[in-house]
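Enquirer: Turn this into a model:
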Amino acid sequence: MNNNKVLYKHTRGFSPIIQYIVIYWFITGCIFILVSLIPSLQDLFIVIILCTMFTIFYVYIHGYWFDINKYYLEHIPKEINYKEGSEYAGVVIANKNLRSYKYFHIYNAGIILLVEHLKNRKIPIKILNYADEERFKDLVYDKSCIELYIIGHGRRNALKIHKNKFIEYENFKDAPPKRRVEQLHCCHKGGRSLAEVLGAEEKFKSDKKRDCEETINYLLNELIFE
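Expert: Numbers count the residues shown, from 1 in each chain. Next comes the predicted model:
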């Protein structure tokens, strides 16, 4: 049974891309009112307008990348080159029941780049889309899952799977060891990563918040060419 397609809808108003544009123009409007009252700021106003226009264009371009990654994820097989009992890499997409603007960062994180790289390595793949706590736990405890790549929102020591719910990585201290675990989400606020808990290799280590650019840069310049 596949009910994935009903879990992500633009049901909370405008899409993330429209929200970003509205926010930027709202800020520009406030600045316009300010410089109208203080003429000496007119040069600054011109600079702000140009920066705002560039930002809107930038977000617009990223909107295509958002749609491409989302479409790709919803239409590729959830098991690739996988045979029962074989070792595989698990790809976790924690994109279920979040606030609407949160999806923007997930689908701009280079899901295509990651999955295609794993396919090129000829490593079997299982993709866990719309991850929930139970299915994530099953993947972590599966001895055949030797590599784990986690895309979503989170902290160094936890993965966000709902608006106000986190999976704490310390809860998996008794799980089988992994060869490699990469958290392609924010890793701030301290604690141990899942790689540290499981004694796995972690090449994309961080102790801070990340943006989409950092993840894509890692996928393009470190993971794919390692």
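Enquirer: Please make it C-alpha for all contacts and neighbour counts, starting now.
Expert: Fine.
Enquirer: so the closest residue in space to residue 80 that isn't next to it in sequence bridges to which residues?
Expert: The shortest distance from residue 80 to any non-neighbouring residue, by CA to CA, 6 or more residues apart in numbering, is to residue 125 (5.1 Å). Legend: beta-bridge partners of residue 125 under DSSP bridges are residue 80, residue 89.
Enquirer: Go ahead and confirm residue 125 touches residue 82.
Expert: Yes. The criterion here is CA atoms under 8 Å, and residue 125 meets it with residue 82 at 6.2 Å.
Enquirer: out of these two, which sits in the more crowded spot?
Expert: residue 125 (25 against 16; other CA atoms under 10 Å).
Enquirer: My reading is that residue 127 is in a strand; is that accurate?
Expert: Yes. According to DSSP: H, G, I helix; E, B strand; the rest coil, the state of residue 127 is that of a strand.
Enquirer: Pull the contacting residues for it.
Expert: When contacts are counted by CA atoms under 8 Å, 6 or more residues apart in numbering, residue 127 is found next to 78, 79, 90, 91, 92, 93.
Enquirer: any common contacting residues for residue 125 and residue 82?
Expert: residue 88.
Enquirer: So for stretch 174-184, mean pLDDT?
Expert: Across stretch 174-184, the average pLDDT comes to 97.
Enquirer: list the buried ones in that stretch?
Expert: The neighbour-count check on stretch 174-184 (16 or more other CA atoms under 10 Å) flags 175, 177, 178, 180, 181, 182, 183, 184 as buried.
Enquirer: and the first one, how far is that from residue 121?
Expert: The gap separating residue 175 from residue 121 is 26 Å, by CA to CA, to the nearest Å.
Enquirer: Report the central residue of the protein.
Expert: residue 106 (3.0 Å; CA atoms, centre = their mean).
Enquirer: isn't that one right next to residue 95, touching?
Expert: Yes. Contact criterion CA under 8 Å: residue 106 and residue 95 qualify, at 7.3 Å.
Enquirer: okay, and the common contacts of the two?
Expert: Residues touching both residue 106 and residue 95 (CA under 8 Å, 6+ apart) are residue 152.
Enquirer: sorry, back to before: so of the contacts of residue 127, which two are at opposite extremes in space?
Expert: 79 and 93 (14.0 Å; CA to CA).
Enquirer: Which of the three states applies to residue 95?
Expert: coil.
Enquirer: Okay, domains of this protein per the record?
Expert: Here the domain parsing of the chain from automatic domain parsing is 16-73, 79-223.
Enquirer: count of neighbours near residue 164?
Expert: Residues near residue 164, counting by other CA under 10 Å: 9.
Enquirer: One more: the one 4 residues further on?
Expert: Taking other CA under 10 Å as the neighbour definition, residue 168 ends up with a count of 18.
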